[in-house]
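> structure for this input, please:
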Amino acid sequence: MKRRLSGVVFFAILVLPCLALGATPLDTVKAGVTSVLDVLRNPKLQGESGRKVKEEKIEAAADNLFDFVELSKRTLGLNWNKLTMDQRKEFVQLYKTILKNVYVNRIMAYKDEDVDFTKEVPLSDTTAEIQSRVVENGGKVSIDYRVIKEDSGWKVYDVVIEGVSLISNYRTQFREILGNNPPEKLLEVLRKKTGAQ
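Residues are numbered from 1 along each chain as shown. Got it, this is the predicted structure:
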């Protein structure tokens, strides 16, 4: 199961919606997934030159649709309050870079999967979960997008793959580092991981 999840996690993280004002959460996610899959399937974007264009489009989509501050806050939980304003800004940038480094290369391999959107579930007045299934190799993998309503539209703050939350996964890792260390230690670890030193 772990190997299979690793094959679809990157899909869920970055093959995500372009935002549309006034659109429902389901419409937003569905339109975004379809548009990014169209980029990945574009026969004109093959080879190394096409790869660069694809990467740029995927990164732009992630920048536009994710609320990286909300994602960071929820990932760190109460530990967010231990960071100074400058540390928070740096953490958000480093975390974003880690996600990009982990998932952009993997997403480039995706093009033939089908995505079925099954349901939109309100979580509160300002949050919702869009449930979907990615059909790959004869099987189905559940991918749920958690979105929050903002002035600019709906933004993704978490992705749940087969019941495993992106936020929860990283929260556990970061909590271990912060357990007996100051926030600077976490930033130091992330700087090394991203080559930002």
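> make it CA atoms for all contacts and neighbour counts henceforth
Fine.
> tell me what the strand or helix carrying Tyr95 is packed against?
In the assignment (DSSP states H and E), Tyr95 maps to helix 85-107. Helix 85-107 sits against helix 2-14, helix 47-65, helix 68-76, helix 183-194, with contacts defined as 3 or more CA pairs under 8 Å, 6 or more residues apart in numbering; DSSP states H and E.
> could you give me the average pLDDT of the third one?
Read it as helix 68-76. Average pLDDT, helix 68-76: 95.
> one more: stretch 46-61?
On average, stretch 46-61 scores 81.
> list the buried residues for it?
Burial within stretch 46-61, assessed by neighbour count using 16 or more other CA atoms under 10 Å, is assigned to Gly50, Lys54, Glu55, Ile58, Ala61.
> can you get me a residue count around Leu123?
Leu123 is flanked by 12 other residues according to other CA atoms under 10 Å.
> any idea which strand is longest in this protein?
strand 139-150 (DSSP state E).
> and for it, what's in contact with it?
By CA atoms under 8 Å, 6 or more residues apart in numbering, the surrounding residues in contact with strand 139-150 are 5, 8, 12, 25, 29, 126-135, 154-163.
> so Val53 touches Gln46, yeah?
No: if you go by CA atoms under 8 Å, Val53 and Gln46 don't touch, sitting 9.6 Å apart.
> please name the nearest non-neighbouring residue to Leu71.
In space, and not counting its chain neighbours, Leu71 is closest to Tyr157: 4.8 Å by CA to CA, 6 or more residues apart in numbering.
> element containing the one you found, please.
strand 153-161.
> next, the angle strand 139-150 makes with that strand.
Put simply, strand 153-161 runs at 150 degrees to strand 139-150, going by axes from the mean of the first three to the mean of the last three CA atoms, to 10 degrees.
> show me what strand 153-161 packs onto, helices and strands only.
Packed next to strand 153-161, using 3+ CA pairs under 8 Å, 6+ apart, are helix 2-14, helix 47-65, helix 68-76, strand 139-150, helix 166-178.
> Throw these into JSON lines and include distance to Arg191, thanks.
Shown next, in JSON lines, are the helices and strands packed on strand 153-161 (distance: least, CA to CA, whole Å):
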{"stretch": "helix 2-14", "distance to Arg191": "21"}
{"stretch": "helix 47-65", "distance to Arg191": "20"}
{"stretch": "helix 68-76", "distance to Arg191": "16"}
{"stretch": "strand 139-150", "distance to Arg191": "28"}
{"stretch": "helix 166-178", "distance to Arg191": "13"}
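> of all those, which one comes closest to Leu40?
Within those, the stretch nearest Leu40 is helix 47-65; the backing value is 6.8 Å (CA to CA).
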